[in-house]
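Trainee: with the sequence up front, the predicted model follows.
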Amino acid sequence: MASLPILILSDGRPGHYHLSEGIAAAIARRRPVAIAWCEARRRAWSGRLLALLVNRQFSPARILGTVFGIDPGRIAKPKLIISAGAETLAANICLARLTGAVNIFYGSLRQFRPDDFALVLSSYAHGPSHPRVAAALKPSKLDPDRLARTGDRPPGPGRPPRLGGLLIGGDAGPIRYGEADWKKLFGFLEASHEALGTRWIVSNSRRTAPEVSDAVQGWARRREGPIESFIDVRRAGAGSLVDVFVRAQAVLCTDDSSSMVSEAIWARLPVLGVRPQQCRFTPEEEGYRRFLSDNGWYRTEPIAALTPALFLARIGEVSPMTDNPLDRLAGLLAERLPQLFDDGAG
């Protein structure tokens, strides 16, 4: 079978283009792919104005040139366009109109129309929806079958993990962390180490406050303390969570980041989300977490309630995926867009 020419539009944000890479990786489970990249940033243009122009069928070539600085004539014609992130919406539609390519977007459409996409995948598409919109776990190119894990039994009551993973984020919109939240969370690490013998690999994120990261870094220097190692993204860079997913038997993740939660679920680990006192999810985020919980992949608790016993109980309720999420996503894509998997699509 010939390779499927795929164009990934990127706004330069890893949290977005990694979603596109995950979709391409799922397709590659069933057929060869050839991936090209194109930067798509709308600069100072308002998304609302662009949606108005696109919805009124304004010249796609002019939008691409004027707004994004993209010359369609210099792009090899793809059979599939993939993008994620609001900045790429208009470029995705315009290139699909010019090339006739199938187009997929991951995320929220804002003022754009689902009919302008072959498929929209969303973490927020729960309940009645459009026929071109489907709910999906946030994708990743990570193949959990390739994670060389030990054969430890799943953790739960009476079976504490030898090594846990703690993924910490930071303030995000209506989710705000106070000093008491961090004190309680790190106190839990100490308590779980004393009561259960569990040690922790801790990883921060770009939104983690510098003083919090600095405190973890200092604490990790204690040889016999609860922190086995600290992966500091300020130095380690993107993609550094793989070490956590290989070595940890369970993951504790601050609930400000549905992306971090999703990555740990994708790695087929039991995940417990923890939230600060000042926490309010948007209806969309609330719906996504309900979707994760209803599937048995995730539980959530307030940081203030966290104890070693509660941690084991909640982790024991989680049933990680047994199949490969890449294959699961490939099945969804084949169901919705069978033409991508035909011999003639290359």
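Mentor: Yep, that arrived. Numbering: from 1, shown residues only.
Trainee: how long is stretch 191-207 end to end?
Mentor: Stretch 191-207 has an end-to-end distance of 26 Å (C-alpha to C-alpha, to the nearest Å).
Trainee: now do that stretch: distance to the chain's middle.
Mentor: Taking the mean of its C-alpha atoms, stretch 191-207 sits 22 Å from the chain's own mean (C-alpha atoms, centre = their mean, to the nearest Å).
Trainee: just stretch 328-339 next, same as before
Mentor: 19 Å.
Trainee: cool, and stretch 130-144?
Mentor: 10 Å.
Trainee: so which bits of stretch 54-68 are buried?
Mentor: For stretch 54-68, a neighbour-count test (16 or more other C-beta atoms under 10 Å) marks 54, 60, 61, 63, 64, 67, 68 as buried. For every residue, glycine as well, the C-beta is placed using N, CA and C.
Trainee: could you pull up the residues touching the first one?
Mentor: For residue 54, the contact set (C-beta atoms under 8 Å, 6 or more residues apart in numbering) comprises 60, 63, 89, 90, 93, 94, 112, 116.
Trainee: among the residues you listed, which are located in helices?
Mentor: Counting by DSSP state H, the contacts of residue 54 place 60, 63, 89, 90, 93, 94 in helices.
Trainee: biggest separation within those residues, which pair?
Mentor: 60 and 89 (12.7 Å; C-beta to C-beta).
Trainee: I'd like to know how far the most centrally placed residue in the chain sits from residue 300.
Mentor: With distances taken as C-alpha atoms, centre = their mean, residue 259 lies nearest the centre of the chain, 3.4 Å away. Going from residue 259 to residue 300 by C-beta to C-beta, to the nearest Å gives 15 Å.
Trainee: low-confidence stretches in the stretch 151-300 of the chain?
Mentor: 151-152, 236-239 (pLDDT under 70).
Trainee: and if we set it to 80?
Mentor: Scanning the stretch 151-300 of the chain for pLDDT under 80 picks out 151-154, 236-240.
Trainee: tell me the SS of residue 42?
Mentor: Three-state assignment for residue 42 (DSSP: H, G, I helix; E, B strand; the rest coil): coil.
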